[in-house]
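K.L.:
I need the structure of the sequence given here:
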Amino acid sequence: MADTVKYCIVGTGFAGTCALWHLVRRMTDPHRLSLLPPSAVTIVTVEQGPVNGPGYPYAQGNVQLAHRCNNEASTMGIHGNDFVDWMTASKPWLITECPELVLETHPGIELDEWQPDDREFYPRALFGIYLRQRFQETVEKARAHGIEVRSYVRHEARDGRTKPDGFSVLLRDLETGREFTVDGLDQVLLSTGHWQPGTAGTPSEHGVHVASPYPPDVMRAAVARRIRSRRAQDERPRVFVQGMGPSGIDAILTLCDEGEFAYSRDGHVAGYRPTAHAEPLSVVAGSRSGFFPPVRGPLAPYELHHLTENNLDAIRREHRGHLKIERVLELLDKDLRRATGGTLGWEDVRSPRWRTAREKLASDLKDSSTGNLVHTVVLKARRMRFYSRLEPADKEVYDRLLDTHFIRTAVPMPAAVAEKLLALMDAGVLTTVRLGYDDARHTQVEEDGTLRVTYRSESGETATLRADCMVRASAQDFAMERHPSPFIQNLLRRGEIVPHEEGGYAPGGIALDARGGYRVMKRAGGVCVPSPHLSAYGAPVRFWQNEHNYAGAFVAAAQWLADDWTGTAGAAGSSSAAAVDDPGLVSSETRR
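P.N.:
Here you go, the predicted model:
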């Protein structure tokens, strides 16, 4: 029997779809022949959702029209400028079938005149359609070249283990409950996405907390139930949104979507009118800094002068191969001051000079030139990947206190979204508070069932407000012991994966091979070694968030994976065709 190789991708959102595309491209490119013919390859994909491609962030049920990508279109493709190229090629279909997705980004435009804009921030729902089509096209290309693709949607990976003939994954059909195993896997990608410790979108046992803004319909229904249960109160219903990043903004826009935004003739948001048949919510958004992400354009033409690899290498030579966070911030401060003519430094990133989020939004929209320089410097600094070279104690400081400033400054917001937030503020629907960076608990449920939020007033004094419920829209939980997936928990229990830990500090996420690449570490006897079967990148890896959390990094990781997997394919030797404990499996169909 001919040598064969079998791959598995668990999770087919952006990371998994990107991996599939580059793997198939690598194996079908006549100029880059792999060591095995495509006809000797089987690819198995597993996805909990009803379709492949969008994953959780871009799935139809988890997005609304107002939810935008937080990166420009030119940076969002699974290769090159592919997202924009796809929109251009799909224009006739998009303006006929999905005109609202175009008009959300280009209000008032004549659809026939629309041309996709590299610099625009398009709806996440539109990007989800792109990923879904690219996934299906990749499957069709693979099958046309003789690659067998077995795609399981609405299936959950439950368990996995190493066996003599490869890796085995236990799957469960989420609609029938039937379980079966896929055996003999040579390589498996864990691209399982972000997680929260609990059931997202549902209220807690006391009914006050909603765990996530997604799915938006579930979140809105949970808030509505809570508000109805408190209608005896005379006060206007108030919802506290914890978090002012992209997820917090999504939560705000979802809670206010029954109203209507008005637009000027040139397509700018001119105001907001709450619905006439119901009392509008009072929405309060809060975060440690009290500010939304910045409104920014393309990167400014500034190259780092002080925060360079040569200067970082000098620091490492002085500190036994490690970087010191204080020294890194000193260099960053010098570059910020050099870029802004001495007017702004790191302390201005840590503590912006504006009194309120509204002032900062208005300033960003009026003139973003200086802010765009700051955004450029901080983003380029983050992409230098200095985090992995910090000593463990400094990593703990960075995770706890500093990454929030890098993320808030480096991740941009579309100007149109900022205009909507300002319109909500002007309409008296939205207010913001600053929670501060102390370790005190900022929310507490009172005896009467309301939520008390403790925050810092504009003068810096402690103040409180009451809310009927809270929507959590803050950062991902990285504690592996709280991961809700039975698959991840069973892999941990078996030692097939291990939590990342170094020097006594456990930042969370899955441990990868410290020598580079994306091989997962596993336990073998009393030591940890690189897994011969498992790889991971993206959300399951904590340090990824601090160094790589942008589309271009996913593309680079997928390219590494494609080369690594096809390089090891030839080493399969005499391994025979892997067996699947599912007699009804047919390669020419995509299961449910």
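
K.L.:
hey, let's count contacts and neighbours off CA atoms from now on
P.N.:
OK.

K.L.:
and Thr432, helix, strand or coil?
P.N.:
Under DSSP: H, G, I helix; E, B strand; the rest coil, Thr432 falls in the strand class.

K.L.:
please apply the same query to the one 4 residues further on.
P.N.:
Secondary structure of Gly436, reduced to three states by three-state DSSP: coil.

K.L.:
what's the nearest residue to it if we skip its chain neighbours?
P.N.:
Arg288 (4.5 Å; CA to CA, 6 or more residues apart in numbering).

K.L.:
run a quick neighbour tally on that neighbour.
P.N.:
Look at Arg288: counted by other CA atoms under 10 Å, it has 18 neighbours.

K.L.:
distance check, it against Gln48.
P.N.:
Distance, Arg288 to Gln48, using CA to CA, to the nearest Å: 34 Å.

K.L.:
give me the domain ranges for the protein.
P.N.:
Following automatic domain parsing, one gets these domains for the chain: 5-53+143-195+480-591, 209-292+414-472, 309-410.

K.L.:
sheet partners, orientation included, of the helix or strand hosting Thr42?
P.N.:
In this structure, Thr42 sits in strand 41-47 according to DSSP states H and E. Note on strand 41-47: by DSSP bridges, its sheet partners are strand 5-10 (parallel), strand 148-153 (parallel).

K.L.:
show me the contact partners of the first one.
P.N.:
What it means is strand 5-10. Identification of contacts with strand 5-10 by CA atoms under 8 Å, 6 or more residues apart in numbering yields 16, 20, 40-47, 157, 184-192, 569, 572, 575, 577-578.

K.L.:
buried set for that strand?
P.N.:
Residues of strand 5-10 classed as buried: Val5, Lys6, Tyr7, Cys8, Ile9, Val10 (neighbour count, 16 or more other CA atoms under 10 Å).

K.L.:
report the angle between the axes of the following helix or strand past it and strand 41-47?
P.N.:
Using DSSP H and E, the next helix or strand after strand 5-10 towards the C-terminus is helix 14-28. Compare the direction of helix 14-28 with that of strand 41-47 by axes from the mean of the first three to the mean of the last three CA atoms, to 10 degrees and you get 170 degrees.

K.L.:
which strands and helices sit next to helix 14-28?
P.N.:
On a contact count with 3 or more CA pairs under 8 Å, 6 or more residues apart in numbering; DSSP states H and E, helix 14-28 meets strand 5-10, helix 124-144, helix 551-569.

K.L.:
and the angle for the longest one with strand 41-47?
P.N.:
The reference is to helix 124-144. Going by the same axes, to 10 degrees, helix 124-144 makes 150 degrees with strand 41-47.

K.L.:
pLDDT averaged over helix 124-144, what's the number?
P.N.:
Over the span of helix 124-144, the pLDDT mean works out to 97.

K.L.:
equivalent analysis for the last one, please.
P.N.:
Taken as a whole, helix 551-569 carries a mean pLDDT of 87.

K.L.:
buried set for it?
P.N.:
Of the residues in helix 551-569, 551-566, 568-569 count as buried by neighbour count, 16+ other CA under 10 Å.

K.L.:
CA atoms only: put stretch 89-106 into PDB for me.
P.N.:
Extracted in PDB, the C-alpha atoms of stretch 89-106 (Å, rounded to 0.1, in the frame of the first residue of the first chain):
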ATOM      1  CA  ALA A  89     -14.200  39.900  -7.600                       C
ATOM      2  CA  SER A  90     -17.500  39.400  -5.700                       C
ATOM      3  CA  LYS A  91     -18.800  42.900  -6.100                       C
ATOM      4  CA  PRO A  92     -21.800  42.000  -8.300                       C
ATOM      5  CA  TRP A  93     -22.900  39.300  -5.900                       C
ATOM      6  CA  LEU A  94     -22.300  41.400  -2.800                       C
ATOM      7  CA  ILE A  95     -24.300  44.500  -3.900                       C
ATOM      8  CA  THR A  96     -27.200  42.200  -4.900                       C
ATOM      9  CA  GLU A  97     -27.200  39.800  -2.000                       C
ATOM     10  CA  CYS A  98     -25.600  41.700   0.900                       C
ATOM     11  CA  PRO A  99     -26.000  45.500   0.100                       C
ATOM     12  CA  GLU A 100     -26.400  46.300   3.800                       C
ATOM     13  CA  LEU A 101     -22.800  45.100   4.500                       C
ATOM     14  CA  VAL A 102     -21.500  47.500   1.900                       C
ATOM     15  CA  LEU A 103     -23.700  50.400   3.000                       C
ATOM     16  CA  GLU A 104     -22.700  50.000   6.600                       C
ATOM     17  CA  THR A 105     -19.100  51.000   5.700                       C
ATOM     18  CA  HIS A 106     -20.000  53.300   2.800                       C
END
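
K.L.:
show me which residues of it are buried.
P.N.:
Lys91, Leu94, Ile95, Glu100, Leu101, Val102, Leu103, Glu104, Thr105, His106.

K.L.:
host element of the third one?
P.N.:
With the criterion set as DSSP H and E, the secondary-structure element containing Ile95 is helix 91-97.

K.L.:
could you list every helix and strand in contact with that helix?
P.N.:
So helix 91-97, by 3+ CA pairs under 8 Å, 6+ apart, packs with no helix or strand.

K.L.:
so after it, what's the next helix or strand?
P.N.:
Defined by DSSP H and E, the subsequent element after helix 91-97 is helix 99-105.

K.L.:
quick one: pLDDT of Ala200?
P.N.:
Predicted confidence (pLDDT) for Ala200: 43.

K.L.:
any idea how far the residue lying closest to Ser287 once chain neighbours are set aside lies from Val471?
P.N.:
With sequence-adjacent residues excluded and distances taken as CA to CA, 6+ apart, Ser287 is closest to Gly243, at 4.9 Å. Distance, Gly243 to Val471, using CA to CA: 9 Å.

K.L.:
low-confidence stretches in the stretch 1-150 of the chain?
P.N.:
Along the stretch 1-150 of the chain, the parts satisfying pLDDT under 70 run over 1-2, 32-36.
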